[in-house]
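Enquirer: need coordinates for the following:
(one chain, ligands or ions: 2)
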Amino acid sequence: MAYLNFTDKTVVVVGGTSGINRGIAEAFAAHGARVAVASRKQEKVDDTVAALKSLGADAMGFVADVRDTEAVDRGLASVQERFGAFDVVVSGAAGNFPSLAADLSSNGFRSVMEIDLLGTFHVMSACFSRLRKPGASIINISAPQAFMPSKAQIHVSAAKAGVDMITRTLALEWGRDGVRVNSVVPGPIDGTEGMARLAPTPEIRAMTVKGVPLGRMGTPADVANACLFLASDLASYVTGAVIPVDGGWTQNGCGGMSEFLGGMMEKAKKRG
Ligand code: NAP
Ligand code: COA
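Expert: Ligands and ions are numbered 1, 2, ... in the order given. As a prediction, this is how the structure comes out:
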C-alpha cells in the first residue's frame, strides 16, 4: 500500500462534487491526500468538502464554471495559495443529454463542447504553472463515445474525442517537465447522472448490463481505483494513455447502446 499513500499530496478534482468524480475525490481523501474540488454549485461544493473532511482529509472547494477561464484560474490560485503545488489534477466536468444530430441546436452542441472540451483546456492551461514538476499526474475523464460513435451523442463524441487528444498532446509537451497526462474512460457507472440520462428506463438499464462482458455496471470506486494507480509511482512510466475502466463494454461495441439511444430518441420524437 505504500505506493498508494497520498499523504502530503495535493489533489484537485474539477467537477468533483457528484457522481464518479466525487468518488475519485473521496478515494484520494481516504488515501491521505489534501483534496480540492470545484463545480458550478456552491451547495454541492460545500457538501463534498464536508464529506471529504469527514474522511479525515484537509479539504477545500471553489465555485467555477469551467467555461469561464478566469473563474477557473482564480479558483486554482486559491488552492495553490492554501495547499501548494498540485501533485494530481483530475479534470472531469461534463454535460450530457441524448439528442439526435438533426434535432440538436447549435447552442446545444456548443454547450457540451464548451463544458467538456474547452473546459478541459481551461483546466489544463490554468493548472500548468501550478503543478509539481517533476512528478505531477493529470487525469482527464473521457467517455466511450470518444472512440465508439453512438446515435444521439454527436456532441459528446466530438467533445470527448477532443479531450483525449488534449491528453495525448500534453503528454508530448509536458513529458520533459516530468508531468504525466492520461485519460480514464469510464464505462456505464451505476447510480450516476450520466446513466440516469442515457439509460433512464429499467429496460435500457438491463440491456446495458447485458452488454458488459463482466456482467455488471461499474461503480465510482472502480474508476477511482484506476485514478489512484495513474497518480501513483506505480504508473511512473505511463503517459499519453487512454484507459477504459468499463468491464469490457467498449470491446463489445458498448453492447448496442447506440441503437437503444437512437431508438429511444426516435420514439420520443414520435410521441412529440
Ligand atoms: P455528474 O454527477 O453530473 O458530474 C459532473 C460534475 O461536473 C458535477 O460535479 C457537476 O457539478 C460538474 N459540472 C458540470 N458542468 C460543469 C461546469 N460547466 N463547470 C464546472 N463544473 C461542472 O456526472 P457523472 O455521470 O458522474 O460523470 C462524471 C464524468 O464521467 C464526466 O466527465 C462524464 O463524461 C464521465 N463519464 C460518465 C459515465 C457514467 O456512466 N456516468 C460514463 C462515461 C464517462 P455542478 O452541477 O455543481 O456544476
Ligand atoms: N436535448 C436537446 N437540447 C438540449 C437538451 C436536451 N435534453 N438540454 C439542453 N439542450 C440545449 C438547450 O436547448 C440549449 O440550446 P438552445 O439555446 O438552442 O435552446 C443548450 O442545450 C444549452 O442549454 P442550457 O440549459 O442553457 O445549458 P446549461 O449550460 O445551463 O447546462 C447542460 C448544460 C445542458 C449540459 C446541462 O444538462 C448540465 O448542466 N449538465 C451537467 C450534468 C450532466 O450532464 N451530467 C452528466 C455527465 S455525463
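
Enquirer: going forward, measure contacts and count neighbours with C-alpha atoms only.
Expert: Will do.

Enquirer: low-confidence regions, this structure specifically.
Expert: Counting by pLDDT under 70, the chain shows low-confidence ranges at 1-2.

Enquirer: what count of nearby residues applies to S125?
Expert: Neighbours of S125 under the rule other C-alpha atoms under 10 Å: 14.

Enquirer: roughly how far apart are it and E70?
Expert: 11 Å (C-alpha to C-alpha, to the nearest Å).

Enquirer: for G248, same thing?
Expert: For G248, the distance to E70 equals 39 Å [C-alpha to C-alpha].

Enquirer: neighbour-wise, which of those two wins?
Expert: Regarding G248 and E70, a neighbour count based on other C-alpha under 10 Å identifies G248 as having more, with 17 against 14.

Enquirer: residue contacts, the residue lying closest to the more buried one once chain neighbours are set aside?
Expert: In space, and not counting its chain neighbours, G248 is closest to P213: 5.4 Å by C-alpha to C-alpha, 6 or more residues apart in numbering. Neighbouring residues of P213 by C-alpha atoms under 8 Å, 6 or more residues apart in numbering: 247-249, 252.

Enquirer: any of those residues buried? List them.
Expert: When the contacts of P213 are checked for burial by 16 or more other C-alpha atoms under 10 Å, the buried set is 247-249.

Enquirer: tabulate the residues you listed (CSV), appending distance to D47.
Expert: What follows is the buried ones among the contacts of P213, written out as CSV (distance: C-alpha to C-alpha, whole Å):
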residue, distance to D47
G247, 30
G248, 33
W249, 32
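
Enquirer: ok, of these, which one's closest to ligand 2?
Expert: W249 (16.4 Å; C-alpha to the nearest ligand atom).

Enquirer: which residues in this structure form strands?
Expert: Using DSSP state E, the strands of the chain run over 10-14, 34-39, 59-63, 88-91, 137-141, 180-186, 242-245.

Enquirer: the longest one and ligand 1, are they touching?
Expert: This points to strand 180-186. Yes: judged by C-alpha under 6 Å from any ligand atom, strand 180-186 and ligand 1 are in contact via P186.

Enquirer: now do the first one
Expert: No: using C-alpha under 6 Å from any ligand atom, no contact is recorded between strand 10-14 and ligand 1, whose separation bottoms out at 6.6 Å.
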